[in-house]
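> Provide a 3D model corresponding to the input given below.
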Amino acid sequence: MSRLLAPLTRAVTYTRWLHLLVGAIIALVCGAVYPGLTRPGYAQWVLMLLIPVPLLLAAAVIPVVRRAEGLQARLMLFPGAHARVEGGSGPREAGVSVAPSASWRDRGRTAVWLVLRLWAGCAVAFVTGQLMALALELVDATSGGPVEAESLIPVPGHGWAYALLVPVPPLVLLGLVALAGRLMASAALGLLGPSAAERLAALEERTEQLLERNRIARELHDSIGHALTVAVVQAGAARAAADPAFTDRALDAIEETGRAALEDLERVLLVLRESGQPASRRPTLTEADRLLDSARASGAEVDAEVLGALDTVPGPVSREGYRILQEALTNVLRHSGTVPIRVAVTVDDARLWLDVRNPLPAGAPVNGRGSGGSGSGLRGIRERAALLGGRARTGPDEGQWRVHVELPLG
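Okay, here's the model as predicted:
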C-alpha cells in the first residue's frame, strides 16, 4: 500500500502534472478563438487538438525551442532538488539534451515531442476537469444540494453514502497523472535525448578531460618526484660528507630544485583552477643542463653528450623529452644512488634519441631495478613516448640499467 501511495508524496508527481497541463495551454488559447470553450463537444475537442499542430511544427524549426523544451523537461519531469526522492538529479535527467537543434533530425524529434506534449496535455487536462467535476458532484449529492451535471459520469440521487466515494476521483486522477508523467519522462529521454553528434562530442570532451588528468598526473609525478628525490639524496650526502663546503652546495641544489618544483606545481594548479590565466612555460630540452647539474650536485658523476641542435626540436617533443630525461635521472638517484650516469642526447633531421645508462647496484634482480618500486615512472616514460608516436625501452643491458627513447620530430 505504501508503494502505491508513494507517488502522492513526491513533488515530481505534481511538477509532471504541471508540465502536462502547460502543454495544453496553446490548445486552450486556440480553442478560445475557435471553436470556443463553452461546453465543447467531441468535434470541438478534435479541432482544439489539430489547430495548434501547424504552429508547433513551425516552432520546432527554430533551434532554440529544443533547448527550451529540454530545460523544462529536466526541471519538471525528473527528480531533482525539488523532489523528495533519493538519488535525484542523476543520469536520467542528464539524458535530456539542452542544446539547440543542430540538424533536421533534431528538429523532427522536437516537432514530434511538441505534438505529443500537446495531445498528452489536452488528455490530462480533460481527465482532470472530468474527475474533479465528478468529485464536486459527489459532494453535492452527499449534502443534498442540487447536482450540476458537469462530468460525463452521472451521479444518480442523493445520500450520505456518496461521501465514501468523494476521495475516489482525486485518487484515480493522481494515479493517472503519475502514470502519464512517468510515460512523458520516458518519451523525453527518447525525443529530447542527445543526438549522435552530441553524444560523440560529449565522449570526445570526456576523453580530453581524462587525457588532461593523466598528463597532469605525470607532470606532478615527474616534477615533484624529481625534486624530492634530489632533496633526499643531497641531504643524505651532506650528512655523510660532514663537509661545510659540500653541505652549502647541497643546500643550494636543494633550493634550486625546490624552486623549480614549486614553479611546476603552480603551473599545474593554474590549469586545474581554470582561472583563464596563462600557465607558465613548461621546460624544454634546451634547459637539460639544469637536470644534469642537479644530478651532479647530488654527488652523481654525470657524463653527458649532446649531438645536434636541441633548439630545433619541436616544442611538444622537446617538452616531453625534458620530462623523460628528468624521470630517467630521478630513477637512477632513487634506486641506485650516486652512481656514474651516462647521458646521450642525439638530434637529427627526423628523430630525437635519449639514452641514459648507469651501473646496476650489486645484488640487483635480473628483471631490473624498477621492480623494487611502483613502476609508475617507467610507465610514464613509455606513455609519453607512445603519445608522440615514439618508442621507449627500459631494463638491464649488459650489466647496466638503460633507458632508451626514440621520438619522431615530425
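> so how far is R10 from W160?
Distance of W160 to R10, computed by CB to CB, to the nearest Å: 34 Å. Where you see a C-beta, it was placed from the backbone N, CA and C, and this is true even at glycine.
> okay, those two: which has more neighbours?
R10 (18 against 10; other CB atoms under 10 Å).
> wait, doesn't the more buried one sit right on P79?
Yes - using CB atoms under 8 Å, R10 makes contact with P79 at a distance of 7.4 Å.
> P79 and T15 touch, don't they?
No - counting by CB under 8 Å, T15 is not a contact partner of P79; they are 9.3 Å apart.
> Just the pLDDT for S143.
Confidence at S143, expressed as pLDDT, is 77.
> what do you get for R391?
91.
> ok, for it, nearest residue in space, not its chain neighbours?
In this structure, R391 finds its nearest non-sequential neighbour in E406, 5.0 Å apart by CB to CB, 6 or more residues apart in numbering.
> just checking, what packs against the helix or strand where A120 lies?
Per DSSP states H and E, A120 falls inside helix 104-143. Using 3 or more CB pairs under 8 Å, 6 or more residues apart in numbering; DSSP states H and E, the elements in contact with helix 104-143 are helix 11-23, helix 25-33, helix 42-50, helix 53-60, helix 63-77, helix 168-191.
> In TSV: these, plus mean neighbour count, mean pLDDT and distance to A99.
Formatted as TSV, the helices and strands packed on helix 104-143 follow (neighbours: other CB atoms under 10 Å; pLDDT from 0 to 100; distance: least, CB to CB, whole Å):
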stretch	mean neighbour count	mean pLDDT	distance to A99
helix 11-23	20	92	20
helix 25-33	16	83	24
helix 42-50	15	80	30
helix 53-60	16	93	15
helix 63-77	19	92	6
helix 168-191	17	92	14
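> Of all those, which one is nearest A344?
helix 63-77 (58.3 Å; CB to CB).
> Now do the closest one and helix 168-191, the angle between them.
140 degrees (axes from the mean of the first three to the mean of the last three CA atoms, to 10 degrees).
> please renumber so the chain begins at 28
Sure, I'll start numbering at 28, so the last one becomes helix 90-104.
> Show me what helix 90-104 is in contact with.
For helix 90-104, the surrounding residues in contact (CB atoms under 8 Å, 6 or more residues apart in numbering) are 39, 42-43, 45-46, 49, 86-87, 107, 109, 120, 123-129, 133-134, 137, 140-141, 144, 208, 211-212, 215, 219.
> 7 Å instead?
Identification of contacts with helix 90-104 by CB atoms under 7 Å, 6 or more residues apart in numbering yields 42-43, 45-46, 86, 120, 123-128, 133, 137, 140, 208, 211-212, 215, 219.
> quick revisit: mind listing the shared neighbours of P106 and T42?
With CB under 7 Å, 6+ apart as the test, P106 and T42 reach no residue in common.
> Number of residues surrounding the residue nearest to R418?
Based on other CB under 10 Å, the number of other residues close to E433 is 17.
> in which helix or strand would I find it?
Per DSSP H and E, E433 falls inside strand 427-435.
> in that strand, what counts as buried?
428-434 (16 or more other CB atoms under 10 Å).
> Any chance of a markdown table for these, columns pLDDT and distance to V60?
Below are the buried residues of strand 427-435 laid out as a markdown table (pLDDT from 0 to 100; distance: CB to CB, whole Å):
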| residue | pLDDT | distance to V60 |
| --- | --- | --- |
| W428 | 90 | 87 |
| R429 | 92 | 86 |
| V430 | 93 | 81 |
| H431 | 94 | 82 |
| V432 | 94 | 77 |
| E433 | 94 | 77 |
| L434 | 92 | 73 |
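> does the residue nearest to R418 really touch A377, like I thought?
No - taking CB atoms under 7 Å as the definition, E433 is not a contact partner of A377, at 10.2 Å.
> Provide the secondary structure category for the nearest residue to T311 once chain neighbours are set aside.
The shortest distance from T311 to any residue other than its chain neighbours is 3.9 Å, reached at S345 (CB to CB, 6+ apart). Put simply, S345 is helix when judged by DSSP: H, G, I helix; E, B strand; the rest coil.
> swap in V125?
coil.
> and it, how many neighbours does it have?
Considering only other CB under 10 Å, V125 is surrounded by 16 other residues.
> swap in A280?
A280 has 23 neighbours, counted by other CB under 10 Å.
> residues contacting it?
257, 261, 321, 324-325.
> Setting aside sequence neighbours, what's the nearest residue to it?
In space, and not counting its chain neighbours, A280 is closest to A324: 3.4 Å by CB to CB, 6+ apart.
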